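Novice: Structure of the sequence below:
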Amino acid sequence: MSSQKNVLPRNGFTFKQFFVAHDRCAMKVGTDGILLGAWAPVAGLRRVLDIGTGSGLLALMLAQRARPGVHIDAVELDADAAGQARENIAASPWKTAIQVHQDDIQHWCQQQPPHYDLIISNPPYYEPGVACSTEARDMARYTGALDYATLLNCAAQSITEDGFFCVVLPQQQGEQFIALAVEQGWFLRLRTDVCEMDARPSHRVLLGLSPRAGECFQDRLVIRGPDQQYSSEFCGLTGAFYLFM
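Specialist: A predicted model of the protein is given here:
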């Protein structure tokens with residue numbers, strides 16, 4: 001009697017508790033987003049805002065990690081991505097916890113009271129450069145449509161006094177983001193520098209900002225050990241999501 005292996009869908013990424021289709025999204029599921037979704041603080045969350053949700057990855061990860069009863073608003077400008085996020089969420093165990101809104105984040109934040117305990121975003125990384133193959137890819141990759149100052153202003157309008165605003169950025173852009181945030185009155189409270197291997201310099205940084213001053217907790221995350229296997233720290237952080245852990 002022959003046994004048939006389970007074939008994973010090819011139009012997205014399969015996690016332990018949910019599937020994220022991303023074939024209609026400009027930016028695909030990647031390590032940066034997974035790190036941010038696994039790292040952001042979730043203790044005591046009641047309301048979450050996901051800025052530029054794309055496929056809905058961060059919203060789904062936070063819904064898995066947060067306590068029951070959390071409400072997540074996931075805002076996405078691109079119609080195709082917003083539609084796919086809705087489908088991903090409808091097929092997940094948390095379809096009642098997450099609501100997707102197709103809207104410009106500046107318009108959205110102007111309509112909302114400042115009641116989010118956590119705001120999270122995997123924002124565009126780079127200043128406008130060589131045009132991408134599609135307008136949606138341009139918006140996802142470049143800061144032309146949503147620059148850092150605008151992103152910080154939107155978060156400031158919507159966050160509670162004790163809330164956190166968390167992002168992931170390349171190292172150089174992260175330093176620029178911190179400087180601009182401090183100018184605007186934010187306080188850096190959480191920072192994790194991420195490197196591929198211990199001997200290599202950090203290439204990504206996870207940042208947690210708050211409107212309230214306080215101690216800043218800093219650490220470093222190494223993704224792979226000398227044997228090229230995933231480190232125990234990386235597995236501990238992301239093990240609730242990856243199928244192979």
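Novice: Quick check: which element contains the spatially closest residue to residue 122 that is not a sequence neighbour?
Specialist: Leaving aside its sequence neighbours, residue 122 sits nearest to residue 33 (C-beta to C-beta, 6 or more residues apart in numbering; 4.8 Å). Backbone N, C-alpha and C define where each C-beta goes, glycine included. Applying DSSP states H and E as the criterion places residue 33 in helix 31-39.
Novice: where does the residue nearest to residue 122 land on pLDDT?
Specialist: Residue 33 carries a pLDDT value of 96.
Novice: Over to residue 139?
Specialist: 45.
Novice: Residue ranges in this protein under the pLDDT threshold?
Specialist: Within the chain, the segments meeting pLDDT under 70 span 1-8, 126-145.
Novice: what about the helices in it?
Specialist: If DSSP state H is used as the criterion, the helices of the chain fall at 31-39, 57-65, 79-90, 105-110, 135-141, 148-158, 171-183, 232-238.
Novice: winner for burial among those?
Specialist: Counting by mean count of other C-beta atoms under 10 Å, helix 57-65 has the highest mean neighbour count of these, with a mean of 26.
Novice: from the chain's centre, how far out does that one sit?
Specialist: 9 Å (C-alpha atoms, centre = their mean, to the nearest Å).
Novice: which strands and helices sit next to it?
Specialist: helix 31-39, strand 47-51, strand 71-76, helix 79-90, strand 98-102, strand 116-121 (3 or more C-beta pairs under 8 Å, 6 or more residues apart in numbering; DSSP states H and E).
Novice: Show me the one of the ones you listed that comes nearest residue 221.
Specialist: Nearest to residue 221, of all those, is helix 31-39, at 7.6 Å by C-beta to C-beta.
Novice: ok now that closest one, how far from the chain's centre?
Specialist: The answer for helix 31-39 is 6 Å, by C-alpha atoms, centre = their mean.
Novice: and if you look at stretch 47-66?
Specialist: Computed by C-alpha atoms, centre = their mean, the chain-centroid distance of stretch 47-66 equals 7 Å.
Novice: and if you look at stretch 76-90?
Specialist: 15 Å.
Novice: who's in contact with that stretch?
Specialist: For stretch 76-90, contacts defined as C-beta atoms under 8 Å, 6 or more residues apart in numbering pick out 12, 18-26, 52-56, 59-60, 74, 95, 98, 100-105, 136, 139-140, 145.
Novice: what's the answer for stretch 172-181, then?
Specialist: Outside stretch 172-181, the residues that touch it by C-beta under 8 Å, 6+ apart are 125, 126, 148, 149, 152, 167, 169, 188, 204, 205, 207, 209.
Novice: In strands only, show me those.
Specialist: Within those, residues falling in strands by DSSP state E are 167, 169, 188, 204, 205, 207, 209.
Novice: The nearest residue to the third one once chain neighbours are set aside: neighbour count?
Specialist: Distances taken as C-beta to C-beta, 6+ apart place residue 216 nearest to residue 188, at 5.2 Å, with adjacent residues excluded. Look at residue 216: counted by other C-beta atoms under 10 Å, it has 12 neighbours.
Novice: re earlier: out of the contacts of stretch 172-181, which are buried?
Specialist: For those, a burial check counting by 16 or more other C-beta atoms under 10 Å picks out 125, 148, 152, 167, 169, 188, 204, 205, 207, 209.
Novice: Columns distance to residue 86 on top of the residues you listed, output as CSV?
Specialist: CSV is the format used below for those (distance: C-beta to C-beta, whole Å):
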residue, distance to residue 86
125, 25
148, 28
152, 27
167, 24
169, 27
188, 34
204, 29
205, 31
207, 28
209, 29
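Novice: now, which of the residues you listed sits nearest residue 231?
Specialist: When the buried ones among the contacts of stretch 172-181 are ranked by distance to residue 231 (C-beta to C-beta), residue 204 comes first, at 14.7 Å.
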